[in-house]
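1. A predicted structure for the sequence below; I have some questions about it.
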Amino acid sequence: MDTEALEKMLARGQDNLLLRFGLGGEYARLRQYDKAIPHLQAAVAFDPHHAAAWKLLGQALAASSRPEEARHAYQEGIRAAEAGGHIQAAREMRVFQKRLDKPGG
C-alpha cells in the first residue's frame, strides 16, 4: 500500500501500531526520513516492545544524522528484542549501534 492510501487511513482516524509502522516503513523505503520518524515514534509509543519499529526508527534517525537519538532507539530496540526472544533483531541493532560509534558512522 502506498503512503497516500496509508495517510488517508490515518486521516480517517484509523491510528494504530500497524498503520504507523507501515507508514514509517514506506517513508523510510522512499528515504523520506523526516516523514518516517514521527510515524515510527508513534509506533513505538503504541507498543514499546515492538523491536522492528525500534530498529527502523534507529535506522531512520541515523540516516537523518541524529546519532544520539538513533543510539537510544537501538538500545530500546535491543531491550525489546531480547525480551521478546528476537535474538537476531537484537544482534542486528547491536551492529547498527556499533557503526554509529565508528568515525564517520
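-> Happy to help now that I have it.

2. quick one: contacts for Q75?
-> By C-beta atoms under 8 Å, 6 or more residues apart in numbering, Q75 lies in contact with Q97. Every residue, glycine included, has its C-beta placed from N, CA and C.

3. Check the average confidence over the helix or strand that contains it, would you?
-> Per DSSP states H and E, Q75 falls inside helix 67-83. For helix 67-83, mean pLDDT rounds to 97.

4. Next secondary structure element downstream of that helix?
-> helix 87-101.

5. for that following helix, which positions count as buried?
-> Within helix 87-101, the residues scored as buried using 16 or more other C-beta atoms under 10 Å are 89-90, 92-93, 96-97.

6. Going by distance to E82, which of these wins?
-> A90 (5.1 Å; C-beta to C-beta).

7. hang on, isn't that closest one packed against E76?
-> No: under the criterion of C-beta atoms under 8 Å, A90 makes no contact with E76, lying 11.4 Å away.

8. List the residues that contact V44.
-> 50, 53-54, 57, 73, 76.

9. do Q97 as well
-> Applying C-beta under 8 Å, 6+ apart to Q97 gives the contacts 58, 71, 74-75, 78.

10. Generate a markdown table for the residues you listed, with distance to L23 as supplementary columns.
-> What follows is the contacts of Q97, written out as a markdown table (distance: C-beta to C-beta, whole Å):
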| residue | distance to L23 |
| --- | --- |
| G58 | 17 |
| R71 | 24 |
| Y74 | 21 |
| Q75 | 24 |
| I78 | 24 |
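
11. Show me the two of those that sit farthest apart.
-> Longest span within the contacts of Q97, C-beta to C-beta: R71 and I78, 10.6 Å.

12. Name the residue in these two with the higher neighbour count.
-> Regarding R71 and I78, a neighbour count based on other C-beta atoms under 10 Å identifies I78 as having more, with 23 against 17.

13. quick one: the strand or helix carrying K55 to helix 87-101, angle?
-> Using DSSP H and E, K55 sits within helix 51-63. Here helix 51-63 points in a direction 10 degrees away from that of helix 87-101 (axes from the mean of the first three to the mean of the last three C-alpha atoms, to 10 degrees).

14. Thanks a lot, see you next time.
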